[in-house]
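Participant: everything below, folded, please.
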Amino acid sequence: MFVLAWSALVVLIANIPYIFGYAVAPSDKLFMGDARSFIDTNTYIAWMHQAADGHFLFKDIYTTEPHDRMLFHPLFFLLGNVSRLTGLSPLAVHSIARVIFGFALLVFIYVFVSLFIEGNFRRSLAFVLVSLSGGFGWLQAFYGSDISSEMWFLTGWVEGNTFMALYALPLFSASALMLLGVFYLMIKSFESGRISYSIWAGILCFFLVSTHFFDALIVYPVLILYILVKFFLLRDWMRLLSDGKSFGIMFLVSVISPLYNFWASMVNPVFREHAWEAAITLSPGFIWFVAFFGLLAALCVIGGAAVLFDTGDKLFMRRLFLVVWAFSVPLLIYSPISFQRRLIEGVHVPIAILSAIAILFLSERLRWDPKAAGAVFLALLIPGNFYLLSKDMDYLRRNADLQSVAGFLDRDIFEALKWLEENTGRDDVVLADYEIGNYVPAISGNTVFIGHSPETLNFWAKWDLVKMFFSGEADDNFRKEFLKGWGIRYVFYSWKEKKIGPFNPYAAAYLRPVFAQKGAHIFRVEVD
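Facilitator: Numbering: from 1, shown residues only. As a prediction, the model looks like this:
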């Protein structure tokens, strides 16, 4: 009952900014159900839209370069079909999924914690630390930050904090849930030698990697390193062979997913450029990695040392896994790959569990009351996440009163996008400002010329073309060649496009108005 009640409470806390967003939305605007990842969220909903339209494999509809449908994404395929079967919008299903997967993640975290800690209080302490603890993100309140500053990572490195993950997106909650499930099953497999555990771990790993490709470089290296460290400590060849067999079965069952994704990224030019060039996510400096976890980093070191110096503990081998995972992450996130910082996903769980072990260890050695010590440390560890909530709510409050599309969308613009959904083909390309273009695939399902810097290939060059199109510098010959050359079928025009330049689409003979509602206009391109 405690686990269920606490999980529900944490999920409720994490949804306060979303509730706040609906509450502060002006009458002429719609809150778009996103309090954090304004640009990225729509790309995920766009995948769902494709599934709701009946597609099994996906394509990148944020770019106009021709390419085949090759991307398999089971999470968004599932959510998209829920949308289709229930009649709920993809946006509504996405919001509901964030709550459901966040709750499921927290409940399973307690199950995962139970592998390594005995006793209700001790488990509850670790569980609470995993669900709410954070680092030095509150420092931003004093020094400020923007997305170009490494200090941004103190509250922006969502994959590395459990609370941030369940607060931000269902993608992170679902992938963290599957990641922990794979490790849980593999620990059971190592201990029992039962093939069934490895098979189920392999099946779950297949869906994990299909959902979040980067996690292949977490699961496989961490498990291999754990097997090698166990062998180094035990020098037991039979155990090495048994562990190797368990890992080998899991690997063979799951490896088709990373191989398919790698093959698709090689043969599909759009996926190749997105995966290896556009979607670069490098890690910040090491000092920011430590600051991201704050006091947890110090407690984790103490907890790890307590585990390693107590080899006689009956849970030593299980706890050794926590140490291996937690201390291998710095190697992973600074490895020579383009998506370094993605490999921090889930590591907050072992770090927080080791921190709980440290608190219990210090309480025993220093004769502290463990409950009082746990309360004190929790009070020191939660301000970062609560600051994150207050920061995002303040951003929403200010944006609600501004002429902005981050978090809120004018009702006129939303109605125009729904018109596109109902009256145009999904392959019809829409030209709009890149922020409006970010919403188009999510709401209408259309392909856009520009809308998301990683998924729109050659984004900045295309953005220059968009600015030229709406500016007063270009002539009609340029505009007609531009529209014809890129296969653009519709031009969207609102206050966002008007801010780019003085171009008046009503004065262009090659643009025929097909929708007009106060601040939103749509023109069909009629260029031979």
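Participant: and the strands in the chain?
Facilitator: 29-31, 408-410, 429-431, 447-448, 488-494, 511-517, 520-525 (DSSP state E).
Participant: which strands or helices does the shortest one pack on?
Facilitator: Contacts defined by 3 or more C-beta pairs under 8 Å, 6 or more residues apart in numbering; DSSP states H and E place strand 447-448 against strand 429-431, helix 434-443. Bear in mind the C-beta positions are built from the backbone N, C-alpha and C, glycine included.
Participant: which residues are in contact with Leu417?
Facilitator: Listed by C-beta atoms under 8 Å, 6 or more residues apart in numbering, the contact set of Leu417 reads Tyr439, Val440, Ile443, Ser444.
Participant: try 10 Å this time
Facilitator: Listed by C-beta atoms under 10 Å, 6 or more residues apart in numbering, the contact partners of Leu417 are 409, 430, 432, 436, 439-446, 492, 515, 520, 522.
Participant: out of the helices and strands packed on strand 447-448, which is closest to Ser133?
Facilitator: Ranking those by proximity to Ser133 (C-beta to C-beta) places helix 434-443 first, at 32.7 Å.
Participant: tell me the angle the closest one makes with strand 520-525.
Facilitator: 80 degrees (axes from the mean of the first three to the mean of the last three C-alpha atoms, to 10 degrees).
Participant: want to throw the helices and strands packed on strand 447-448 into JSON lines with mean neighbour count, mean pLDDT and distance to Leu225?
Facilitator: Shown next, in JSON lines, are the helices and strands packed on strand 447-448 (neighbours: other C-beta atoms under 10 Å; pLDDT from 0 to 100; distance: least, C-beta to C-beta, whole Å):
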{"stretch": "strand 429-431", "mean neighbour count": "24", "mean pLDDT": "97", "distance to Leu225": "47"}
{"stretch": "helix 434-443", "mean neighbour count": "24", "mean pLDDT": "95", "distance to Leu225": "39"}
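Participant: out of these, which comes closest to Met164?
Facilitator: Taking C-beta to C-beta as the criterion, Met164 comes closest to helix 434-443 out of the helices and strands packed on strand 447-448, the separation being 21.6 Å.
Participant: which residues does Asp394 contact?
Facilitator: Pro17, Phe20.
Participant: and if you look at Gln50?
Facilitator: Gln50 is in contact with 56-59, 61, 69, 71, 73, 76-77, 80, 90, 426, 441, 445, counting by C-beta under 10 Å, 6+ apart.
Participant: can you rerun that using 7 Å?
Facilitator: The neighbours of Gln50, taking C-beta atoms under 7 Å, 6 or more residues apart in numbering as the test, are Phe58, Gly80.
Participant: again with Val255
Facilitator: With contact set as C-beta under 7 Å, 6+ apart, Val255 has no partners.
Participant: pLDDT score for it?
Facilitator: Looking at Val255, its pLDDT is 95.
Participant: quick one on the thing from earlier: dump the strands of the chain to TSV, plus distance to Ala352.
Facilitator: As requested, these are exported to TSV (distance: least, C-beta to C-beta, whole Å):
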stretch	distance to Ala352
strand 29-31	32
strand 408-410	35
strand 429-431	45
strand 447-448	40
strand 488-494	45
strand 511-517	50
strand 520-525	47
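Participant: need the winner for burial among those strands.
Facilitator: Comparing the strands of the chain by mean neighbour count (mean count of other C-beta atoms under 10 Å), strand 447-448 ranks first with a mean of 26.
Participant: distance of Leu360 from Trp368?
Facilitator: Distance of Leu360 to Trp368, given as C-beta to C-beta, to the nearest Å: 10 Å.
Participant: between these two, which one's more packed in?
Facilitator: Leu360 (22 against 15; other C-beta atoms under 10 Å).
Participant: thought that one was touching Pro370?
Facilitator: Yes: using C-beta atoms under 7 Å, Leu360 is in contact with Pro370, at 6.0 Å.
Participant: what about the chain, any weak spots by pLDDT?
Facilitator: Low-confidence segments of the chain, defined by pLDDT under 70: 147-148, 276-279.
Participant: any idea which residue sits dead centre in it?
Facilitator: With distances taken as C-alpha atoms, centre = their mean, the residue of the chain nearest its centroid is Phe172 (4.5 Å).
Participant: if we can go back for a sec, quick one, which of the helices and strands packed on strand 447-448 is nearest to Leu511?
Facilitator: Nearest to Leu511 among the helices and strands packed on strand 447-448 is strand 429-431; the distance by C-beta to C-beta comes to 10.3 Å.
Participant: and the closest one, what does it pack against?
Facilitator: Where contact means 3 or more C-beta pairs under 7 Å, 6 or more residues apart in numbering; DSSP states H and E, strand 429-431 is packed against strand 447-448, strand 488-494.
Participant: okay, now Val466: neighbour count?
Facilitator: Other residues within reach of Val466 by the criterion other C-beta under 10 Å amount to 20.
Participant: report the contact partners of the residue nearest to it when sequence neighbours are not counted.
Facilitator: Using C-beta to C-beta, 6 or more residues apart in numbering and skipping residues adjacent in sequence, the residue nearest Val466 is Ile450, 5.8 Å away. With contact taken as C-beta under 7 Å, 6+ apart, Ile450 is in contact with Tyr434, Gly437, Thr456, Phe459, Lys462, Trp463, Val466.
Participant: buried residues in stretch 109-118, which are they?
Facilitator: Under the neighbour-count criterion of 16 or more other C-beta atoms under 10 Å, stretch 109-118 has Ile109, Tyr110, Phe112, Val113, Ser114, Leu115, Phe116, Ile117 buried.
Participant: does the third one touch Tyr184 like I think?
Facilitator: Yes: the pair Phe112 / Tyr184 is scored as a contact, 5.7 Å apart, by C-beta under 7 Å.
Participant: these two touch, right, Pro490 and Val430?
Facilitator: Rather than Pro, residue 490 is Tyr. Yes: with contact defined as C-beta under 7 Å, Tyr490 reaches Val430; the gap is 4.8 Å.
Participant: what touches both of the two?
Facilitator: Common contacts of Tyr490 and Val430 (C-beta under 7 Å, 6+ apart): Leu420.
Participant: one step back: minimum distance to Tyr18: which of the helices and strands packed on strand 447-448 has it?
Facilitator: In terms of C-beta to C-beta, the element of those nearest to Tyr18 is helix 434-443, at 16.6 Å.
Participant: which elements pack onto the closest one?
Facilitator: In terms of contact count using 3+ C-beta pairs under 7 Å, 6+ apart, helix 434-443 is assigned the packing partners helix 38-52, helix 411-423, strand 447-448.
Participant: out of the helices and strands packed on strand 429-431, which gets nearest to Gly244?
Facilitator: strand 447-448 (47.0 Å).
Participant: tell me the strands beside that closest one, with direction?
Facilitator: Strand pairing for strand 447-448, determined by DSSP bridges: strand 429-431 (parallel).
Participant: so what touches the partner strand?
Facilitator: Counting by C-beta under 7 Å, 6+ apart, 64, 420, 440, 446-449, 486-492 sit against strand 429-431.
Participant: farthest-apart pair in those, please.
Facilitator: Using C-beta to C-beta, the pair of the contacts of strand 429-431 lying farthest apart is Leu420 and Trp486, separated by 17.3 Å.
Participant: that older thread, what would the helices and strands packed on helix 434-443 look like in JSON lines with distance to Val290?
Facilitator: Below are the helices and strands packed on helix 434-443 laid out as JSON lines (distance: least, C-beta to C-beta, whole Å):
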{"stretch": "helix 38-52", "distance to Val290": "26"}
{"stretch": "helix 411-423", "distance to Val290": "43"}
{"stretch": "strand 447-448", "distance to Val290": "40"}
